[in-house]
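Novice: using only what follows, build the 3D model:
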Amino acid sequence: MDDLTVLVTGAGAPGIKGTLYSLNENFDNRCIRTIGTDIKQEVVGTYLCDKFYHISRPSEKDYLDQLLLICEQEDVDVILPQNTLELSVLAENKSPFLNIGTSIAVSDAPAISIANDKYKLMKLAEQIGVPTPKSILVDNFDALIKSASELGWPHKPVVVKPPLSNGMRGVRIIDESLDLKKMFYSEKPTSLFVKMNILREILGSHFPPLLVMEYLPNAEYTIDVLEAQKYTIIPRKRDLIRSGITFQGTVECHEELITYAQKLSEATGLNYAFGFQFKMDEQSVPKLLESNPRVQGTMVLSTFAGANIIYAAVKRALNEDIPDFQVKWGTKILRYWGGMGIQNKNAVAFL
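Specialist: Next up is the predicted model:
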């Protein structure tokens, strides 16, 4: 099988090591050369990828020209995006890359538009019978208070989040039962929980749209999906989450979540590697939280479980056949702190 060159964007993302592991440990025993890019000058991918380029933000006009030049110079076969902000730009500009022989493992623009917008996604889920948390879109504080009250606040916590965001940006749990003094002395600082009066100081009277949502108190799941003529769907229970990242997780054959993920995948039209997040409500009913229409941060757990979705997405972009995966349910991941020593811009030691 031919050797490949794969360009991985977001080489400073927390999941970069897992993505590179999945490419290097591919089930075809194929030699894959990796090119990393990032908007920051020095990130871990600088030293983990075979070659690295610092590039502009996707919103800047020279971003596409830079990426095209890199693909041409490095003879890149496939771009594997990891950065949410790049998805729409890449989805709308596949043709110039195809003209130089580079495929992009990203869904088409309409699918990205739905998956990246939590409000649109929730409405679509309601239409196809996938449970969602009760949620209301607001843009001023009076409406926020009214909506929160309808969802049980101040007796119950409620959640606010922007419809367009990622990585927990703008997410807050409004909980009036917080003991701030006890938290000050006994817990590490966190910006996730807040009281309503503090949120008012932050937001003011009017603000960009926010979803006010029912708080879901029970277990959270991420679902990895591969679309390649058929669907491979792997739910992962998030046993321990820190700063939005799974530190302990378990692959679990949850039939209800698999059914919901397939319905959402078909309705959105997402392709390649992507995923959904669900959380259980008070009665342990799984409800949709959001979609990640790209490689997910802990997708390497599916690789550990025998389903290398990340490499399969590369094969999908090349129109190559993908075998059936035999998933080892119950496979776990435990994260630990790592690091590398750098001397004269070279990595000299790895933890």
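Novice: tell me the contacts of Lys94?
Specialist: Ser103, Ile104, Val106 (CB atoms under 8 Å, 6 or more residues apart in numbering). To be clear about C-beta, it is placed using only N, CA and C from the backbone, and glycine gets the same treatment.
Novice: most neighbours, which of those?
Specialist: If you count neighbours using other CB atoms under 10 Å, the busiest of the contacts of Lys94 is Val106, which has 30 neighbours.
Novice: the stretch 201-350 of the chain: strands as residue ranges?
Specialist: 206-214, 220-228, 230-242, 245-251, 272-280, 286-292, 332-334, 340-343, 346-350 (DSSP state E, counting those that start in this stretch).
Novice: just the stretch 1-150 of the chain next, same as before
Specialist: 4-8, 32-38, 51-54, 78-80, 103-104, 135-140.
Novice: and the shortest one, what other elements does it pack with?
Specialist: Where contact means 3 or more CB pairs under 8 Å, 6 or more residues apart in numbering; DSSP states H and E, strand 103-104 is packed against strand 78-80, helix 94-99.
Novice: neighbouring strands - and their directions - for it?
Specialist: strand 78-80 (parallel) (DSSP bridges).
Novice: give me the mean pLDDT for the partner strand.
Specialist: For strand 78-80, mean pLDDT is 98.
Novice: now do the buried residues in it.
Specialist: Buried residues in strand 78-80, counted by 16 or more other CB atoms under 10 Å: Val78, Ile79, Leu80.
Novice: deepest of the strands of the stretch 1-150 of the chain, which one?
Specialist: For the strands of the stretch 1-150 of the chain, ranked by mean neighbour count under the definition mean count of other CB atoms under 10 Å, the leader is strand 78-80 at a mean of 25.
Novice: neighbouring contacts of that one?
Specialist: Contacts of strand 78-80 (CB under 8 Å, 6+ apart): 4, 6-9, 19, 23, 67, 71, 90, 97, 102-106, 295, 310, 313-314, 317-318.
Novice: repeat that with 6 Å
Specialist: Val6, Leu7, Val8, Ser103, Ile104, Ala105, Val314, Ala317 (CB atoms under 6 Å, 6 or more residues apart in numbering).
Novice: tell me who's in contact with the third one.
Specialist: Meaning Val8. Thr19, Thr34, Gly36, Leu80.
Novice: please repeat the previous calculation with a cut-off of 8 Å.
Specialist: By CB under 8 Å, 6+ apart, the neighbours of Val8 are Ile16, Thr19, Leu20, Leu23, Thr34, Ile35, Gly36, Thr37, Gly45, Cys49, Leu80, Gln82.
Novice: quick one: the third one and Asp50 touch, right?
Specialist: No. In terms of CB atoms under 8 Å, Leu20 does not count as a neighbour of Asp50; the distance is 9.6 Å.
Novice: which neighbours do these two have in common?
Specialist: Applying CB under 8 Å, 6+ apart, one finds that Leu20 and Asp50 are jointly contacted by Thr34.
Novice: neighbour-wise, which of those two wins?
Specialist: The neighbour comparison of Leu20 against Asp50 (other CB under 10 Å) goes to Leu20, with 23 against 13.
Novice: any idea how far that one is from Val300?
Specialist: 9 Å (CB to CB, to the nearest Å).
Novice: ok, now Gly152?
Specialist: 38 Å.
Novice: try Ala125
Specialist: Ala125 is 27 Å from Val300, by CB to CB.
Novice: next one: Thr246
Specialist: Distance from Thr246 to Val300, counting by CB to CB: 10 Å.
Novice: turn the strands of the stretch 201-350 of the chain into CSV, including mean pLDDT.
Specialist: Output for these, formatted as CSV (pLDDT from 0 to 100):
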stretch, mean pLDDT
strand 206-214, 94
strand 220-228, 97
strand 230-242, 95
strand 245-251, 95
strand 272-280, 97
strand 286-292, 96
strand 332-334, 98
strand 340-343, 94
strand 346-350, 92
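Novice: can I get those in CSV including distance to Phe184?
Specialist: Below are the strands of the stretch 201-350 of the chain laid out as CSV (distance: least, CB to CB, whole Å):
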stretch, distance to Phe184
strand 206-214, 27
strand 220-228, 26
strand 230-242, 20
strand 245-251, 24
strand 272-280, 27
strand 286-292, 29
strand 332-334, 30
strand 340-343, 35
strand 346-350, 37
